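Trainee: Predicted structure and sequence below. I'll ask about it afterward.
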Amino acid sequence: MDVLISQRLSLPGRILLACGSLLLTASALPAQEVVRILVADQQPAEPDDQQPQRPTLPETVVEGNPNAFPAHPLDPAAILSAGRTATYGGRVGSSYEVITAEDIARSQKTTVLEVLRGRAGISVASQGGRGGLSSVFMRGGNSAHTKVLLDGIPINDPSNASRLFDFSNMTVDNIERIEILRGPQGVLYGSDSIGGVINIVTRRGEGKPRLEVSGMGGSFGTGRSSISLSGGDEKQYYSISGSYLSSENISHASSARGNSEKDPYRNGTVSGRFGRHLGEDLHLDYVFRYTEAYAEIDDFDFLTGLPVDNLGRANLSNQFFHRIQMQKLQMDGSIEHVVGFSMTDFDRRDTDPGLAPSQFLGQTRVFDYQSNLLLSEKNQFTVGASYQHEQASSDQDPLARQFSSAVYLQDQFTLGDRLHTTAGVRWDDYSTAGRASTYRVTSVLQVDDRGLAIHSSLGTGFRAPALAENLFAFGNPDLRPESSRGWDVGIEKRLAEGRLIIDTTFFRNDFRDLIVFNPNSSLGPFGALENVGVARSAGVELSARWLWSAQTSLRASYTFDDAIDIESGSQLARRPRDSFLVTLDHQLNQQTSAGLTLLHVGNRNDLAQQLESYYKLDLYLSWTLDDDWRLFARIDNMLDQQYEEIFGYGTAGISGFAGLSWTP
């Protein structure tokens, strides 16, 4: 009966029916008082013998300062990215979002890209199914305008044509949280942080040894197995995990356009974090992540402008990221010194590239130092410096290198009890592209004690030309850095005794000297890359977090982004004008929880084509069988929507997955 009704309803009607069914099911079952804390508001778990308290969100501003991370566990109310040190979120004027490990586990997503899809200020695009090139766009910027970090390691690929980070192989293994920092962030993060920063934080082990083993299988011949072990005490900590993901996948080239060959995908990932206190105030921390992936891909037909099946082509990728750092605390933590060395290694091979290069090698090495001086309870001053060596080559391009050095200053201070401000400047010097300077000022004003706050930021960013743009064949060694200036102003309001938080943020980002191919350039017979692009992105981001009851929580975000090319007046490719994401979580009873996620992405332009808007509804369920075993399942694209994220590339229809996890 329900199936017949669903088939007769319109798309919005089917969505409402699915949501209503979940709530009706919930109301028919006995409910256990379970605290559900939303994004960035996780509280430490209570002992089993205590009754859960009424769910509340943390205070807007927490007194004092959080302990230094990773020497100490990360405070749930703190954010790392805003100041490159732990800072309470209520003192941060930047527009940000924190996605916790609990959020990721509850959603059952297996890749970081899936977790990011639909978040405020973010749009994503993948070339087909698993393993296809996957890009993230923030606040209208290009995909290369997003700085991606793993525990402070810059992991944008130096061998990529624009130094973007391909998210296709980044799984959620061993992740403690993902921090999204929107807007230009040049002061702390230098090149590539024009649209924003995504910082992935590896789990820091704590407490008794905890072992977790899980297995999952489902549609498209998909299987995933993983194992993790973590723990720690006052002297040391550790976390290590390994996973293997395989899928027969879908065809990257859209099956709706006559392509039928499946493109299998394989991914093996090992990651870890280890730390030890070498003395009372001296701490050593080491993190690493290694990924080996195999992804069959398809060709691109230049006559039709569409991807087409290729039965024997594949991408082979090896990635190795690691960082070692020393952390010294003095004067009861009032002075913190951090010195670290990071290295990334990329090895990408194409088994059937045609006339293009078949192998790319890239490496980035960074030596950095930062000192945080707590001048008073209301003033923290930061000074930092870094030196970066970047190199890349291909089987058709000799080894190319560029070097850069940077110095930055930042001051975080509080005026009175309600106004929290951060101001900073930075100077970079690149061996090929020259110099760049950036600044950033942010403020948050706690207007009253009833939960009203105004936050704002103004800053600049830049992107130094990638090695492929200025030193590879057909590059232009005279290219300058791209630049941007952006601002945002937002109002946050707490309602319903603090159980509902609503935030409205207006933003604008102006891009200058964008590197684009100019066919009329006099630098080459067929044109050349030049700094001639100009673009603008402006819009609004709305978000809401609602602790509806002790059993139910709701999170919603909406983004309107008018991102246009100034010269042509056209909408920038693959960036929708509007999108929203709604997530509903409900604890059905003491053993069972369920959730629904509704994603809407509006019309986009791509290759002179307009891609239609679409809705995507996902369901996830979890059952606690006993103290050791948990059963989980999810259904993706419940409405079996047919859509494209990139013109000509396919996406998965309705699919289901289920698995078991064991935690002795």
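Mentor: Noted; the coordinates are in hand.
Trainee: Point out where the stretch 401-550 of the chain drops to low pLDDT.
Mentor: The model of the stretch 401-550 of the chain has no residue with pLDDT under 70.
Trainee: all helices for it, in order.
Mentor: Applying DSSP state H, counting those that start in this stretch to the stretch 401-550 of the chain gives helices spanning 467-470.
Trainee: list the contacts for the spatially most central residue of the chain?
Mentor: Nearest to the geometric centre of the chain sits Ile198, at 4.6 Å (C-alpha atoms, centre = their mean). Residues counted as contacts of Ile198 (C-beta atoms under 8 Å, 6 or more residues apart in numbering) are 116, 136, 138, 146-149, 178-181. The way it works is simple: take the backbone N, C-alpha and C, and place the C-beta from them, glycine included.
Trainee: all helices in the protein, in order from the N-terminus.
Mentor: For the chain, helices defined by DSSP state H occupy the ranges 2-8, 11-27, 101-107, 112-116, 186-189, 467-470.
Trainee: which parts of the third one are buried?
Mentor: In this case it means helix 101-107. Buried residues in helix 101-107, counted by 16 or more other C-beta atoms under 10 Å: 101, 103-104, 106-107.
Trainee: would you put the C-alpha positions of that helix in CSV?
Mentor: The C-alpha trace of helix 101-107 is given here as CSV (Å, rounded to 0.1, in the frame of the first residue of the first chain):
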residue,chain,number,x,y,z
ALA,A,101,33.8,11.4,14.7
GLU,A,102,30.4,10.7,16.2
ASP,A,103,28.7,12.5,13.4
ILE,A,104,30.7,10.5,10.8
ALA,A,105,30.0,7.2,12.5
ARG,A,106,26.3,7.9,12.7
SER,A,107,26.0,8.8,9.0
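Trainee: Not counting stretch 100-114 itself, show me its contacts.
Mentor: By C-beta under 8 Å, 6+ apart, stretch 100-114 touches 39-40, 42, 76, 115, 124, 126, 130, 134, 136, 167-168, 170-172, 175-178, 200, 203, 216, 224, 245, 583, 585, 593, 595, 597, 620, 622, 632, 634, 657.
Trainee: Tell me how many other residues surround the residue lying closest to Arg634 once chain neighbours are set aside.
Mentor: Nearest non-adjacent residue to Arg634, counting by C-beta to C-beta, 6 or more residues apart in numbering: Tyr620, 4.0 Å away. By other C-beta atoms under 10 Å, 21 other residues sit near Tyr620.
Trainee: measure Tyr620 to Ile454 for me?
Mentor: Note on Tyr620: its distance to Ile454, by C-beta to C-beta, to the nearest Å, is 36 Å.
Trainee: for Ile175, same thing?
Mentor: Where Ile454 is concerned, Ile175 sits at a distance of 32 Å (C-beta to C-beta).
Trainee: more neighbours, those two?
Mentor: More crowded of Ile175 and Ile454, by other C-beta under 10 Å: Ile175, with 23 against 15.
Trainee: and the more buried one, what does it touch?
Mentor: 101, 104, 112, 200-203.
Trainee: Near Asp503, how many other residues are there?
Mentor: For Asp503, using other C-beta under 10 Å, the count is 20.
Trainee: ditto for Gly258
Mentor: Gly258, neighbours per other C-beta under 10 Å, totals 11.
Trainee: For it, give me its contacts.
Mentor: By C-beta under 8 Å, 6+ apart, Gly258 lies in contact with nothing.
Trainee: can you pull the pLDDT of it?
Mentor: You'll see Gly258 listed with a pLDDT of 86.
Trainee: Quick check: the gap between it and Asp173.
Mentor: 36 Å.
Trainee: cool, and Ser225?
Mentor: Ser225 is 11 Å from Asp173, by C-beta to C-beta.
Trainee: Among those two, which residue is more densely surrounded?
Mentor: Asp173 (25 against 15).
Trainee: Excluding chain neighbours, what is closest to Ile180?
Mentor: Leaving aside its sequence neighbours, Ile180 sits nearest to Glu97 (C-beta to C-beta, 6+ apart; 4.5 Å).
Trainee: Check Ser394 too.
Mentor: Per C-beta to C-beta, 6+ apart, closest to Ser394 is Pro357, 3.8 Å.
Trainee: Specify the beta-bridge partners of Asp565.
Mentor: Counting by DSSP bridges, Asp565 forms beta bridges with Ala535.
Trainee: right, I mislabeled it, should have said Gln412
Mentor: Bridge pairing for Gln412 - DSSP bridges - gives Gln380, Thr422.
Trainee: who touches the closest residue to Asn379 other than its chain neighbours in this structure?
Mentor: In space, and not counting its chain neighbours, Asn379 is closest to Phe413: 4.4 Å by C-beta to C-beta, 6+ apart. Contact analysis of Phe413 by C-beta under 8 Å, 6+ apart lists 378-380, 420-422.
Trainee: if I look at Ser225 and Asp173, which residues touch both of them?
Mentor: Joint contacts of Ser225 and Asp173 (C-beta under 8 Å, 6+ apart) are Ser243.
Trainee: Across the sheet, point out what pairs with His337.
Mentor: Beta-bridge partners for His337, by DSSP bridges, are Lys328, Ser371.
Trainee: I'd say it and Ser371 touch.
Mentor: Yes - using C-beta atoms under 8 Å, His337 is in contact with Ser371, at 5.3 Å.
Trainee: ok so, going back, the residue nearest to Ser394 and Arg349, how far apart?
Mentor: With distances taken as C-beta to C-beta, Pro357 is found 10 Å from Arg349.
Trainee: what does Phe632 give?
Mentor: Counting by C-beta to C-beta, the gap from Phe632 to Arg349 is 35 Å.
Trainee: So for these two, which sits in the more crowded spot?
Mentor: Higher neighbour count among Phe632 and Arg349: Phe632, with 20 against 16, using other C-beta under 10 Å.
Trainee: picking up where we left off before, for the residue nearest to the centre of the chain, give its distance to Thr85.
Mentor: Using C-beta to C-beta, Ile198 is found at 18 Å from Thr85.
Trainee: Repeat that for Asp263.
Mentor: Counting by C-beta to C-beta - Asp263 and Thr85 are separated by 43 Å.
Trainee: who's more crowded, those two?
Mentor: The residue with more neighbours, out of Asp263 and Thr85, is Asp263; 28 against 22, by other C-beta under 10 Å.
Trainee: picking that back up, turn the buried ones among the contacts of Ile198 into a named ChimeraX selection, would you?
Mentor: The buried subset of the contacts of Ile198, as determined by 16+ other C-beta under 10 Å, is captured in ChimeraX by this line:
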select :116,136,138,146,147,148,149,178,179,180,181
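Trainee: Figure out how far stretch 472-486 is from the centre of its chain.
Mentor: Taking the mean of its C-alpha atoms, stretch 472-486 sits 25 Å from the chain's own mean (C-alpha atoms, centre = their mean, to the nearest Å).
Trainee: can I have that stretch written out in CSV, keeping just the CAs?
Mentor: Taking Å, rounded to 0.1, in the frame of the first residue of the first chain, the C-alpha atoms of stretch 472-486 are listed here in CSV:
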residue,chain,number,x,y,z
PHE,A,472,56.1,22.3,-16.9
ALA,A,473,55.9,22.2,-20.7
PHE,A,474,53.5,24.9,-22.0
GLY,A,475,53.7,26.7,-18.7
ASN,A,476,54.3,30.4,-18.2
PRO,A,477,57.2,31.2,-15.8
ASP,A,478,56.0,34.8,-15.5
LEU,A,479,52.7,34.0,-13.8
ARG,A,480,51.8,35.9,-10.6
PRO,A,481,49.9,34.5,-7.6
GLU,A,482,46.1,34.6,-7.8
SER,A,483,44.5,36.6,-5.1
SER,A,484,41.2,37.2,-3.3
ARG,A,485,39.6,39.4,-0.7
GLY,A,486,36.6,38.3,1.2
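Trainee: check contacts around the nearest residue to Ala256 once chain neighbours are set aside.
Mentor: Computed as C-beta to C-beta, 6+ apart, the closest residue to Ala256 that is not its neighbour in sequence is Gln642, at 6.4 Å. Contacts for Gln642 (C-beta under 8 Å, 6+ apart) come out as 256, 651, 653.
Trainee: Next one: Gln642, what pLDDT does it get?
Mentor: 94.
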